[in-house]
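K.L.:
below is the sequence, then the predicted model.
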Amino acid sequence: MTEKPVTSSDQPVSSSRNLLGDIKHMIEQARASVATTVNAACGCGFSDKSLRHMVRLAEAFGDKKILSTLVRQLSWSRFLAIICLPDLLQRGSYAEMYRTERWNVRMLRQKNTKKRKPKAQE
């Protein structure tokens, strides 16, 4: 059997994969470090995953006034369902439905599933 010779074009792919793996590892370490620091300062319950959700929530609702109002009215599980929605208008309307009509998370998931299903063409 003959071995395939290593060409110069093969090496950048390999080293870029190693670099991406190193960067991913560094990001994971930084997240774990932040979670540890926040837990030490504020108490338990701030896992890496929870902190990612909190950042995503802040990004999803950029206006602090809107977010502070919603925090008083909606539960964390409802926020987790809302931040997955792609559109700001959609997030706002579902947050309003949660608040006024007392929707639960299951109702939101059912509404989203119905919207995603393609309609049969006639």
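P.N.:
Yes, it's here.

K.L.:
and the contacts of the helix or strand containing residue 59?
P.N.:
Assigned by DSSP states H and E, residue 59 belongs to helix 48-60. For helix 48-60, contacts defined as Cβ atoms under 8 Å, 6 or more residues apart in numbering pick out 28, 31-32, 34-35, 38, 67, 79-80, 82-83, 88, 91. C-betas here are computed from N, CA, C, even on glycine.

K.L.:
in helices, which of these fall?
P.N.:
28, 31, 32, 34, 35, 38, 67, 79, 80, 82, 88, 91 (DSSP state H).

K.L.:
what's the PyMOL line that selects buried ones from those?
P.N.:
The buried subset of the ones in helices among the contacts of helix 48-60, as determined by 16 or more other Cβ atoms under 10 Å, is captured in PyMOL by this line:
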select buried, resi 35+38+79+82+91
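
K.L.:
and the two most separated of the ones in helices among the contacts of helix 48-60?
P.N.:
Greatest spatial distance in the ones in helices among the contacts of helix 48-60: 32 and 88, 30.7 Å, computed using Cβ to Cβ.

K.L.:
ok so, going back, just flag the most distant two among the contacts of helix 48-60.
P.N.:
So, these by Cβ to Cβ: farthest apart are 32 and 88, at 30.7 Å.

K.L.:
good, wrapping up.
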